[in-house]
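*Asks:* Turn this into a structure:
(one chain, ligands or ions: 1)
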Amino acid sequence: MWDADHVSTTEHHDVIVVGGGTAGCVTAARLAEAGVAVLLIEAGPDDSDRDEVLQVRRWLELLGGELDWDYTIAPQPRGNSAIRHSRARVLGGCSSHNSCIAFVPPDADFSAWAAAGAVGWGPDDVAPFFSRVLERVPLRRVSEENPVNASVIEACAAVGLPPTVLGEGDWFHPGAGPFRLNVVDGLRQSASVAYLRGGTPAARPEVRCNTQVHGLVLEGTDVVGVRTSEGVLGADHVVVAAGAFGSPQLLQLAGIGPADDLRGVGIDPLVDLPGVGSNLQDHPEGVVIWSTRRPVPEPIVQEWEVGIFANVHDDPHGPDLMFHLGLVPFDGHTAAYGYPTSPHGVSLTPNVCRARSRGTVRVRSPHPGDVPAIDFAYFTDPEGYDESVMVAGVELAREIMAQDRVADWIDVELAPGAATTDRSAISDYVRRTANTVYHPVGTCAIGTDPSAGAVVRPDLSVYGLSGLSVADTSVFPLIPSVNPALTAMMVGERCAAELTR
Ligand SMILES: Cc1cc2nc3c(=O)[nH]c(=O)nc-3n(C[C@H](O)[C@H](O)[C@H](O)COP(=O)(O)OP(=O)(O)OC[C@H]3O[C@@H](n4cnc5c(N)ncnc54)[C@H](O)[C@@H]3O)c2cc1C
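*Replies:* Numbers count the residues shown, from 1 in each chain. Here you go, the predicted structure:
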């Protein structure tokens with residue numbers, strides 16, 4: 001623990017935002033625009049001169065590279081232990097290396113948030129903050145020029161999933177269509193591009209890259225600064241925006257978390273908050289791969305341009321199964337099991353929109369350099385819901401690709417292969433080779449009852465402390481049905497608004 005003496009000799013800011021990622025850039029930018037003296041601290045480098053970051057077509061090159069925290073996960077008894085959880089370590093965070101699929105989640109998701117205890121985060125409450133995001137982040141719909149994309153959309157119509165303008169109006173029904181992307185002329189419109197360098201605001205935040213925050217500085221339960229790789233910095237308020245793994249890690253290192261677990265790794269508990277690092281959720285993603293009869297024409301923007309939504313359990317909430325259509329054989333996890341691949345092919349990746357399995361992020365020691373233990377507990381929900389959606393997804397993927405509309409393209413099913421028809425064999429395949437859509441959320445959830453797992457109040461301040469907020473995907477109480485980057489930005493907008501109220 002660090003006392004105030006360490007702080008008094010150092011520079012001081014109104015607000016320090018820890019993590020120059022998707023939500024952190026938004027929070028810092030909006031605070032600066034409101035006249036707050038804010039410092040944004042990012043562990044990774046600046047993104048502004050990096051072609052491999054700015055050109056969205058190159059996103060896959062970034063995974064596992066020098067700009068990736070590249071987390072391993074705990075052994076998964078019912079899932080794929082080989083998954084590497086990519087998290088960007090560069091200004092803009094994951095919005096600087098994601099595939100830029102842009103969704104405002106359906107209203108039903110935020111009704112569920114409010115019902116889960118995120119009071120004041122219902123559909124009407126979040127709408128103005130999404131509007132602010134969309135004023136700043138330009139979106140473009142992918143054209144349907146690619147003939148494979150167009151054929152698959154037609155095949156979906158033949159199985160009862162009509163062409164849909166994803167993301168517009170009352171769109172959240174079974175259907176298929178091209179995505180909207182936060183990409184203009186091939187360049188990603190990340191949080192750093194759109195918020196730190198975009199617009200013409202009167203003021204910009206001070207940004208410090210290549211600086212890792214190792215801990216919070218506390219006076220009792222008042223957060224008064226941060227300890228960084230470059231020294232100790234003081235602040236009236238600290239916003240932790242280090243992502244769904246990094247934020248619970250920083251809180252736990254400061255003694256904020258499940259008290260018994262903290263004691264077990266040699267950390268004196270300061271505030272017993274059982275929800276810190278609990279409630280970890282994700283979109284698990286399976287894959288079905290086909291070779292194609294000839295090379296697939298080049299994508300318009302990037303290899304994942306079409307989304308398909310289905311409702312296999314007739315859930316009144318809306319679709320429970322989503323596919324991304326890949327114009328490539330997405331064979332990273334199937335090749336490891338010896339499934340064949342092809343120089344040209346396509347993939348349908350079923351994912352569980354509102355997965356029910358819950359995992360944990362737990363520090364292993366008091367040392368900030370130790371990577372936390374991340375256990376998604378994939379496919380462990382007691383009702384077997386996640387597994388059932390995934391198996392139905394493999395079956396529906398096959399039905400789509402059996403349609404005449406795609407017969408001109410589709411050749412052989414490479415993985416799991418046409419011989420795998422038994423549901424338990426499909427389940428075994430899809431769980432063993434599952435990947436992630438890279439959407440971890442929920443580890444510092446908004447709520448009203450800390451004893452029931454809430455970590456932050458509806459205004460994003462942390463229970464039991466003063467001078468500390470969290471703003472990133474960790475505050476989502478429930479995983480949205482769709483890709484979450486715009487929702488992370490919405491949280492950033494909301495956090496800045498709360499702090500300048
Ligand atoms: C490969 C990939 C593809 C994806 N594709 C999409 C997509 O197409 N559409 C979509 O909506 N979502 C997508 N996502 C998910 C989405 O991008 C993320 O959920 C979202 O951007 C996370 O935002 P965040 O603010 O919570 O965290 P991040 O954006 O990860 O920001 C956290 C930041 O904090 C920094 N940091 C962490 N610890 C420290 C520390 N101790 N000190 C200083 N800095 C620190 C990190 O370096 C990082 O920059 C994808 C994610 C990945 C990984």
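*Asks:* Does Leu39 have any beta-bridge partners, and if so which?
*Replies:* On the basis of DSSP bridges, Leu39 is bridged to Ile16, Glu206.
*Asks:* Surely it and Thr211 touch.
*Replies:* No - contact status for Leu39 versus Thr211: not in contact, 9.7 Å apart, counting by CB atoms under 8 Å. C-beta here means a position set from N, CA and C on the backbone, and glycine is covered the same way.
*Asks:* May I have the phi/psi pair for Gly359?
*Replies:* Here is the backbone geometry of Gly359 (degrees, to the nearest 10): phi -120, psi -160.
*Asks:* What separation do you get for it and Val159?
*Replies:* In this view, Gly359 and Val159 are 33 Å apart by CB to CB, to the nearest Å.
*Asks:* Of these two, which one has the most company?
*Replies:* Counted by other CB atoms under 10 Å, Gly359 and Val159 do not tie: Gly359 has more neighbours, with 24 against 15.
*Asks:* which residues pair with that one across the strands?
*Replies:* Leu280.
*Asks:* ok, now which ones touch it?
*Replies:* Neighbour list for Gly359: Leu280, Gln281, Asp282, Ile374, Asp375, Phe376, Ala377, Tyr378 [criterion: CB atoms under 8 Å, 6 or more residues apart in numbering].
*Asks:* show me what contacts Ala434?
*Replies:* By CB under 8 Å, 6+ apart, Ala434 lies in contact with Gly79, Asn80, Ile83, Pro284, Glu285, Gly286, Val287, His333, Tyr378, Phe379, Met390.
*Asks:* run the last query once more with 7 Å
*Replies:* Gly79, Asn80, Pro284, Glu285, Gly286, Tyr378 (CB atoms under 7 Å, 6 or more residues apart in numbering).
*Asks:* swap in Gly175?
*Replies:* Leu161, Pro162, Pro163, Thr164, Phe309.
*Asks:* Of those, select the buried ones using a ChimeraX command.
*Replies:* To isolate the buried members of the contacts of Gly175 in ChimeraX, using 16 or more other CB atoms under 10 Å:
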select :161,164,309
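*Asks:* restrict the contacts of Gly175 to contacts with the ligand.
*Replies:* Filtering the contacts of Gly175 for proximity to the ligand by CB under 6 Å from any ligand atom leaves nothing.
*Asks:* nearest to Val491, of the contacts of Gly175?
*Replies:* Closest to Val491 out of the contacts of Gly175 is Phe309 (23.7 Å), distances taken as CB to CB.
*Asks:* Give the bridge partners for that closest one, please.
*Replies:* Counting by DSSP bridges, Phe309 forms beta bridges with Gly175, Met322.
*Asks:* check contacts around it.
*Replies:* If you count contacts by CB under 7 Å, 6+ apart, Phe309 has them with Pro174, Gly175, Pro319, Met322.
*Asks:* Now do it, the pLDDT please.
*Replies:* What the model reports for Phe309 is a pLDDT of 98.
*Asks:* swap in Gly199?
*Replies:* Turning to Gly199, the model gives it a pLDDT of 87.
*Asks:* Contact residues of the stretch 351-500 of the chain facing the ligand?
*Replies:* So the stretch 351-500 of the chain meets the ligand at Tyr438, His439, Asp472, Thr473, Asn483, Pro484, Ala485, Ala488 (CB under 6 Å from any ligand atom).
*Asks:* at 8 Å what do you get?
*Replies:* Residues of the stretch 351-500 of the chain lying close to the ligand (CB under 8 Å from any ligand atom) are 368, 437-441, 471-474, 482-488, 491-492.
*Asks:* In PyMOL, how would I select just the buried ones from the residues you listed?
*Replies:* Here is the PyMOL command that selects the buried residues among these (16+ other CB under 10 Å):
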select buried, resi 437+438+439+440+441+471+472+473+474+482+483+484+485+486+487+488+491+492
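*Asks:* Need the residues that contact the helix ranked longest in the chain.
*Replies:* The longest helix of the chain (DSSP state H) is helix 385-401. Residues outside helix 385-401 that contact it (CB under 7 Å, 6+ apart) are 152, 155-156, 159, 284, 286, 288, 290, 310, 312, 320-321, 323, 348, 350, 352, 355-357, 379, 410, 423, 426-427, 430-431.
*Asks:* Now, the residues you listed that are in strands?
*Replies:* Pro284, Val288, Trp290, Ala310, Leu321, Phe323, Leu348, Pro350, Val352, Ile410 (DSSP state E).
*Asks:* For Asp47, give me its contacts.
*Replies:* Applying CB under 7 Å, 6+ apart to Asp47 gives the contacts Val53, Val90, Leu91, Gly92, Ser96, Ser192.
*Asks:* now, which of the residues you listed lie close to the ligand?
*Replies:* Val90, Leu91, Gly92, Ser96.
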